[in-house]
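Asker: Please work out how this folds:
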Amino acid sequence: MEQSPLPDMPLQLAPTTVQLIEAILFVAGKPVTITELARTLDLPPDAVEQALDELAAACMERGVRLQRDADRVQLVSAPEAAAVIERFLGAPPATRLSNAALEVLTIIAYRQPITRAQIEAIRGVDSSSVLRALLARDLIAEGGRLETAGRPILYVTTAGFLRQFGLSSLADLPPLDLSAPPS
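Answerer: Sure, this is the predicted structure:
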């Protein structure tokens, strides 16, 4: 019996570097360093950086975003999808941050690394309970110690902070205009 010829199959194209990086980040489930990507793909880091820029641009039209934290990158859900994702996962709605917590978080984001005493000098009130709450929510972390008497803790924002506010990096923070009077 004669076999019928195979139907015309489209020619498989080799995946692009952008596609390979997207696939790696999708399965990684955690942040991956640029070095790890370069080593895995046998590419120079600058080629990986270029592909990451392309992937980040492509993701702006999707339900995922490329998030960077120093030399680590990962895929995260788009911040505008948060409410639907919470509903899908059955997660309780996130509690809002208090005005005091937002104030302290803003100070840390723009002045990091910063000590509790420096935060309190700016705010004029005790901030220890607010700092504990922000630490518990993984929005800030201890970023080291200041090399002075008492070696006070230096606070910095975390990758959780970037995710919470839909930022790819701290460079995405809006410029701080200190000349405008407070409203």
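
Asker: Which residue ranges of this protein form helices?
Answerer: 17-28, 34-41, 45-59, 82-89, 99-111, 116-123, 128-136, 159-164 (DSSP state H).

Asker: most packed of these?
Answerer: Using mean count of other C-beta atoms under 10 Å, the stretch among the helices of the chain with the largest mean neighbour count is helix 159-164, at a mean of 19. To be clear about C-beta, it is placed using only N, CA and C from the backbone, and glycine gets the same treatment.

Asker: Which other helices and strands does that helix contact?
Answerer: Packing partners of helix 159-164 (3 or more C-beta pairs under 8 Å, 6 or more residues apart in numbering; DSSP states H and E): strand 64-69.

Asker: Touching the strand it packs on from outside, list them.
Answerer: 25, 31, 52, 55-56, 59, 73-79, 159, 162-163, 166-169 (C-beta atoms under 8 Å, 6 or more residues apart in numbering).

Asker: chain center to that strand: distance?
Answerer: From the chain centre to the centre of strand 64-69 is a distance of 6 Å (C-alpha atoms, centre = their mean, to the nearest Å).

Asker: so how far is residue 151 from residue 66?
Answerer: For residue 66, the distance to residue 151 equals 37 Å [C-beta to C-beta, to the nearest Å].

Asker: Show the low-confidence segments of this protein, by residue range.
Answerer: 1-13, 91, 93-94, 178-183 (pLDDT under 70).

Asker: per-domain residue ranges of it.
Answerer: 17-81, 99-172 (automatic domain parsing).

Asker: Format the ones you listed as CSV; extra columns: distance to residue 88.
Answerer: Output for the domains of the chain, formatted as CSV (distance: least, C-beta to C-beta, whole Å):
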stretch, distance to residue 88
domain 17-81, 9
domain 99-172, 17
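
Asker: The ones you listed: which one's closest to residue 90?
Answerer: domain 17-81 (15.5 Å; C-beta to C-beta).
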